[in-house]
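# okay, here's the prediction I keep looking at, along with the sequence it came from:
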Amino acid sequence: MSSIYRSEEGKSSILEEYEIYLNELGEEFTREYVETRFGKTHVLLTGPLDGKPLFILQGGNCVNPMTLSWFSSLFKEYRIIAPDTIGHPGYSEEASISTRFDSLALWVSDLLDHYDIEKSAFIGPSFGGGIILRLATYIPERISCAVLVAPAGLAVNSKIKTAQDITLPLVKYRMTSSPSSLQKITDNMSCNCMKEMDKNIIGKLFKYVSIDQDLPKLTEREELVNYTSPTLLLVGEKDVFFPADKCIERAQKIITNVEAIKYDTGHFPSQDVLVQMNEEIGRFLQNNYK
């Protein structure tokens, strides 16, 4: 099996950062491995055992605790189930699975079956939002409601802009380890507000991981004809990957029951915006997670 990591030393460094970040969250987590048809999946769990299940699907090419930190206000009320995405940094199977057809949906379905959950609420930022859209396409009946945060699968920025803002500085950073190149990338991802801890991890990921650029496919209207669950779309006006207005326009065309909110932020939300997002998510789940 080919590894997503460029070296064993790099893998160890990333997993060390994973553990540091998890400890920083200050919550009691249990962790376990779940066998799926695509290989072992490492899962983090927290929150009350009798709480309603809430799946949080990590963003692409980051580490699971980083994604979880965005939604920590939900830990006390819901039973959080947060898998490390297969083929992405973390402790799950390292071999990637297809992002275009039903593989991601079947992977989530296996996790739901393992925990004996018929249907659940889902939160997915970036790549995680794209996974939710794949689940909505192939197994919509398993979604009670969904929160898509700057999701893949709706619209993408122009290749020229992405190259200028991300790809070219990334190539330079990998060649030179230039702090200014990393700063440019993280500033463009976050509108100049990325936490130092996140910036450090992003730098290591860029150096030590073969970045998976295969995003979940753009969702078509006919794919979601059977999906009617309440959906909250939260997007950043300055998102370097997924432009807010295009995402909202697309979502309103293809998702029957969608509410969209736009924030003055980038792909990585500022701390102030995260507070606002969590308030909206809490309200949305209270009203729609029956």
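Structure received. Nothing here was measured: the structure is a model prediction, and the numbers come from that model.
# can we go C-alpha only for contacts and neighbour counts from here?
Fine.
# could I get stretch 3-16 in PDB with only the CA atoms?
Extracted in PDB, the C-alpha atoms of stretch 3-16 (Å, rounded to 0.1, in the frame of the first residue of the first chain):
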ATOM      1  CA  SER A   3       1.600   5.800   1.900                       C
ATOM      2  CA  ILE A   4       0.200   9.400   1.900                       C
ATOM      3  CA  TYR A   5       3.300  10.400   3.900                       C
ATOM      4  CA  ARG A   6       6.600  11.300   2.200                       C
ATOM      5  CA  SER A   7       8.600   9.700   5.000                       C
ATOM      6  CA  GLU A   8       8.200   7.800   8.300                       C
ATOM      7  CA  GLU A   9       9.700  10.800  10.100                       C
ATOM      8  CA  GLY A  10       7.100  13.000   8.500                       C
ATOM      9  CA  LYS A  11       4.300  10.700   9.500                       C
ATOM     10  CA  SER A  12       5.500  10.600  13.100                       C
ATOM     11  CA  SER A  13       5.700  14.400  13.100                       C
ATOM     12  CA  ILE A  14       2.100  14.800  11.800                       C
ATOM     13  CA  LEU A  15       0.700  12.200  14.300                       C
ATOM     14  CA  GLU A  16       2.600  14.000  17.100                       C
END
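# name the residues that touch that stretch?
Residues outside stretch 3-16 that contact it (CA atoms under 8 Å, 6 or more residues apart in numbering) are 87-91, 94-95, 201, 204-205, 207-211.
# isn't P89 right up against M66?
No: P89 is not in contact with M66 according to CA atoms under 8 Å; the separation is 11.4 Å.
# okay, those two: which has more neighbours?
Using other CA atoms under 10 Å, the more surrounded residue of P89 and M66 is P89, with 26 against 20.
# can you tell me which residues contact that one?
So P89 contacts 4, 14, 61-63, 209 (CA under 8 Å, 6+ apart).
# ditto for E32
42-44.
# I'd guess it is in a helix, am I close?
No: counting by DSSP: H, G, I helix; E, B strand; the rest coil, E32 falls outside a helix, being strand.
# what does the model give the nearest residue to R142 once chain neighbours are set aside for pLDDT?
Counting by CA to CA, 6 or more residues apart in numbering, K119 is the residue found nearest to R142 once chain neighbours are left out, at 4.1 Å. Here the pLDDT value assigned to K119 is 97.
# got JSON lines for the contacts of P89, with pLDDT, distance to A152 and secondary structure too?
Output for the contacts of P89, formatted as JSON lines (pLDDT from 0 to 100; distance: CA to CA, whole Å; DSSP: H, G, I helix; E, B strand; the rest coil):
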{"residue": "I4", "pLDDT": "90", "distance to A152": "21", "secondary structure": "coil"}
{"residue": "I14", "pLDDT": "96", "distance to A152": "24", "secondary structure": "helix"}
{"residue": "N61", "pLDDT": "83", "distance to A152": "13", "secondary structure": "coil"}
{"residue": "C62", "pLDDT": "91", "distance to A152": "14", "secondary structure": "coil"}
{"residue": "V63", "pLDDT": "96", "distance to A152": "17", "secondary structure": "coil"}
{"residue": "V209", "pLDDT": "92", "distance to A152": "20", "secondary structure": "strand"}
